[in-house]
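Asks: below: sequence and its predicted model.
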Amino acid sequence: MQRTTLYVIGVCAVILLAVAGYFWFHASGLRDTTTTGPPAVDYYTCPMHPSVRSDRPGACPVCGMALVKKSQQDDSSGIDLAHLKTVSLSATQRVLANISTVPVKRADIAYDIDAVGSLTFAEPLQASVTARFGGRIEALHVSTTGARVARGDPLFDLYSPDLVSAEREYLLALESGSPDDTSSSVDPLPRQLLRAAGERLRVHFGLTDAQARELEASRKVHSTMTYYAPISGTVIQKQVQEGQYVDEGMPLYQLADLSTVWAILDVYEKDIRFVHAGQPVSFTSNAYPGKTFHGKVSFINPVLDSDTRTIRVRAEVPNPDGGLRPNMYIAATLRARVAGAVVVPTTAVLSMGKRSIVWLEVRENMFEPRDVTTGVESGGTTQLLAGPAPGEMVVATGGFLIDSESALQEPSGEMAAHAVGSHAAGLPADTGASGGSAVGRGADAQLVRILVKGAYVPDEIHVKAGKPVIIQFYRDEDSFCTSEVVFPTLDIRRGLPAWKTTTIRLKPQPAGEIPFQCGMGMVDGRLVVE
């Protein structure tokens, strides 16, 4: 009986311990640790100084900026995502940052190639009139440069004793026998002399068939010979005067048919691959505002100009009314077409100095950077030569904000080794001493971060002409040499406080190089404007 009582008491104790353990387990929340992780603990941090943390809102003790709310759970997730090269945003952050995504796709790109050049004469439509033999200009039928002539119009009369002698020889030979008489009674020698005399008049002196028939019919020697225009066109050079003695081979007139002119264009080296024979060309001239002329590419020079890095392209342009004149300056556009290109919106491509990236949405609200090689850009669309494949989702707007968020989430060493600015040089993710948040940069501005520590890192930045550039200098030293930065060609001089970020906003226009240096000229760098 006593043993039974002890057994019942033991069983009851075990049951009580089990019930107590069950309630303690659920009350402590341990059952959720395998699925949801530790509870989120909110804290506040400074975007410019992530090391500053507070359990309540307020201002950063270092720079005075308002602290941003974060959570411990998000932060630990960010550490995991950093190793995966991803950035995680909440749904609210995505909406506030105006982040939108579009699929990478294939499409045909219409690419306009801009070129400048001038008009010139079409070489096959020119003719030079020279003196066939020495003599004196007796009369000029066309006496002014710029005169319009038709083919067969008389140009000048030329007197020469040699011409008179040649005509007399022909008439004497003509009296001896006809060149067409093949009867056996006619001596073949006079017939050969007649043919030789006639051939000399035609070949050497330029006698036309009509003039030869007239000489044969009249049997009268002419002391002068009239020369006629070989083509229809305009007299662009007149190098003779009436009464002037000329020598054999001397140029007298230069004629050009302006019904077709040539447009000689200078095309940059980067656009050569898009130019081909038969390609349409349109151009304008200051002489005719609002009017567009059209032609076609007929020839591409096989040799590149080593000084201008351009290639000469020739286009034939109809000019029926003669309004286009040689030596006019023109601004031309060649329309090229890139078929089946992999394209993304231009706003999706972020320039990071020597490299360009796009942000891909790998999962919902999770984004990953991807290096890209860009091709042509046209109409808000950019061709990708290397990068994401068609169908992948790329961030079209808000990419700069994701890039700023990636700096806050402390990217991994591998990602930092390939990045530029704060990712490469260890700069804090801030927006500069001039104030303004990441949103204030604008999606179309190029952000460049430069570390100042005995040198500029990086010291060469590639930017695009006409595109806003935000340069953030973070000075990680207290050396007097680097206490200011100077852009000599832009007349900009800014002080660089130690361990702070200074922002300079530019919008470079002409292509070329913009140097910058420290106040003592000991440290330098450059912006390469493309």
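Replies: Structure received.

Asks: now do the strands in the stretch 51-200 of the chain.
Replies: Taking DSSP state E, counting those that start in this stretch as the criterion, the stretch 51-200 of the chain contains strands spanning 53-54, 68-71, 87-88, 100-103, 105-121, 126-130, 135-140, 148-149, 154-159.

Asks: go through the ones you listed and name the closest to Ile504.
Replies: Nearest of these to Ile504, taken as Cβ to Cβ: strand 68-71 at 24.8 Å. The C-beta positions use only the backbone N, C-alpha and C, and glycine is treated the same way.

Asks: restricting to C-alpha, output the closest one in PDB.
Replies: C-alpha atoms of strand 68-71 as PDB (Å, rounded to 0.1, in the frame of the first residue of the first chain):
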ATOM      1  CA  VAL A  68      17.500  57.100 -39.400                       C
ATOM      2  CA  LYS A  69      15.500  54.300 -37.900                       C
ATOM      3  CA  LYS A  70      16.800  50.800 -38.400                       C
ATOM      4  CA  SER A  71      16.200  47.400 -36.800                       C
END
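
Asks: could you number the chain from 371 rather than 1 from now on?
Replies: Happy to do that; since the first residue is 371 now, the last one works out to strand 438-441.

Asks: Thr680: neighbour count?
Replies: The number of residues packed near Thr680 is 20, by other Cβ atoms under 10 Å.

Asks: any idea how far it is from Glu584?
Replies: In this view, Thr680 and Glu584 are 56 Å apart by Cβ to Cβ, to the nearest Å.

Asks: now Leu528
Replies: Computed as Cβ to Cβ, the Leu528 to Glu584 distance reads 17 Å.

Asks: so these two - more neighbours on which side?
Replies: When Leu528 and Glu584 are compared for neighbours, Leu528 comes out ahead with 24 against 13, by other Cβ under 10 Å.

Asks: ok, the more buried one - contacts?
Replies: By Cβ atoms under 8 Å, 6 or more residues apart in numbering, the contact set of Leu528 is 501, 503, 505-508, 594-595, 597, 616.

Asks: sorry, back to before: Arg863: which of the strands of the stretch 421-570 of the chain is closest?
Replies: When the strands of the stretch 421-570 of the chain are ranked by proximity to Arg863 (Cβ to Cβ), strand 438-441 comes first, at 33.0 Å.

Asks: so, low pLDDT: which residues of the stretch 721-870 of the chain?
Replies: Applying pLDDT under 70 to the stretch 721-870 of the chain flags the ranges 775-813.

Asks: can you show me the helices along it?
Replies: Read by DSSP state H, counting those that start in this stretch, the stretch 721-870 of the chain holds these helices, from start to end of the chain: 769-778, 783-788, 792-795.

Asks: tell me how this structure divides into domains.
Replies: 371-407, 470-492+630-767, 497-626, 790-900 (automatic domain parsing).

Asks: for Gly434, which of the ones you listed is the nearest?
Replies: In terms of Cβ to Cβ, the element of the domains of the chain nearest to Gly434 is domain 790-900, at 10.1 Å.

Asks: and that closest one, how far out from the chain middle?
Replies: Computed by Cα atoms, centre = their mean, to the nearest Å, the separation of domain 790-900 from the middle of its chain amounts to 25 Å.

Asks: repeat for stretch 607-621
Replies: Between the mean C-alpha point of stretch 607-621 and the mean C-alpha point of its chain there is a distance of 50 Å (Cα atoms, centre = their mean).

Asks: quick one: contacts of it?
Replies: Contacts made with stretch 607-621 from outside it, assessed by Cβ under 8 Å, 6+ apart, are listed as 498-510, 512-515, 526, 528, 622-624.

Asks: what about 10 Å?
Replies: When contacts are taken as Cβ atoms under 10 Å, 6 or more residues apart in numbering, the neighbours of stretch 607-621 outside the stretch itself are 498-510, 512-517, 525-530, 532, 574, 622-626.

Asks: Val732 against Met763, yeah?
Replies: Yes - at 8.4 Å, Val732 counts as touching Met763 under the criterion of Cβ atoms under 10 Å.

Asks: which among the contacts of Leu528 gets closest to His646?
Replies: Sorting the contacts of Leu528 by distance to His646 puts Tyr597 at the head of the list, at 43.1 Å, by Cβ to Cβ.

Asks: just checking, the closest one is part of a strand?
Replies: Yes - under the criterion used here (DSSP: H, G, I helix; E, B strand; the rest coil), Tyr597 sits inside a strand.

Asks: any idea how many residues pack against it?
Replies: One way to gauge burial is a neighbour count; for Tyr597, by other Cβ under 10 Å, it gives 19.

Asks: what's the neighbour count on the residue nearest to it when sequence neighbours are not counted?
Replies: Once flanking residues are discounted, Tyr597 sits nearest to Leu525: 5.2 Å by Cβ to Cβ, 6 or more residues apart in numbering. For Leu525, the count of nearby residues is 24 (other Cβ under 10 Å).

Asks: again with Pro867
Replies: When neighbours are counted by other Cβ under 10 Å, Pro867 comes out with 13.

Asks: so where is the stretch 521-670 of the chain shaky, pLDDT-wise?
Replies: Looking at the stretch 521-670 of the chain by pLDDT under 70, you get 546-561, 567-568, 573-574.

Asks: now do 50
Replies: Counting by pLDDT under 50, the ranges of the stretch 521-670 of the chain that qualify are 553-556.

Asks: so where do the helices sit in it?
Replies: 531-546, 558-573, 579-588.

Asks: between those helices, which one is closest to Asp425.
Replies: Of all those, helix 558-573 sits nearest to Asp425, with 108.9 Å by Cβ to Cβ.

Asks: end to end, how far does stretch 614-629 reach?
Replies: Taking Cα to Cα, to the nearest Å, the first and last residues of stretch 614-629 lie 32 Å apart.

Asks: so how far is Tyr598 from the closest residue to Leu704 other than its chain neighbours?
Replies: Across the structure, with Cβ to Cβ, 6+ apart as the measure, the residue nearest Leu704 apart from its sequence neighbours is Ile483 (4.2 Å). Taken as Cβ to Cβ, the spacing of Ile483 relative to Tyr598 amounts to 44 Å.

Asks: equivalent analysis for Val457, please.
Replies: If you measure Val457 against Tyr598 using Cβ to Cβ, the figure is 82 Å.

Asks: the two: who's more crowded?
Replies: Ranked by neighbour count (other Cβ under 10 Å), Val457 and Tyr598 place Val457 first, with 24 against 18.

Asks: the more buried one contacts Met736, correct?
Replies: Yes - counting by Cβ under 10 Å, Met736 is a contact partner of Val457 at 7.3 Å.

Asks: turn the domains of the chain into a markdown table, including distance to Val438.
Replies: Formatted as a markdown table, the domains of the chain follow (distance: least, Cβ to Cβ, whole Å):
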| stretch | distance to Val438 |
| --- | --- |
| domain 371-407 | 22 |
| domain 470-492+630-767 | 18 |
| domain 497-626 | 74 |
| domain 790-900 | 10 |
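
Asks: just checking, Ser652 touches Leu635?
Replies: No - Ser652 is beyond contact range of Leu635, at 11.5 Å (criterion: Cβ under 10 Å).

Asks: so what's in contact with those two at the same time?
Replies: Where contact means Cβ under 10 Å, 6+ apart, the residues bridging Ser652 and Leu635 through contact with each are 665, 685, 701-704.

Asks: most neighbours among these, which one?
Replies: Counting neighbours by other Cβ under 10 Å, Ala685 comes out on top of these with 27 neighbours.

Asks: OK, contacts around that residue?
Replies: Ala685 is in contact with 485, 487, 489, 631-635, 647, 649-653, 664-669, 700, 702, 704, counting by Cβ under 10 Å, 6+ apart.

Asks: what's the local residue count around the closest residue to Leu495 other than its chain neighbours?
Replies: Nearest residue to Leu495, sequence neighbours excluded (Cβ to Cβ, 6+ apart): Asp627, at 3.8 Å. Asp627 has 18 neighbours, counted by other Cβ under 10 Å.

Asks: which residues touch Asp627?
Replies: Counting by Cβ under 10 Å, 6+ apart, Asp627 touches 491-492, 494-497, 521, 601-604, 689.

Asks: ranking the strands of the stretch 421-570 of the chain by mean pLDDT, which is last?
Replies: For these, mean pLDDT drops lowest on strand 438-441, to a mean of 72.
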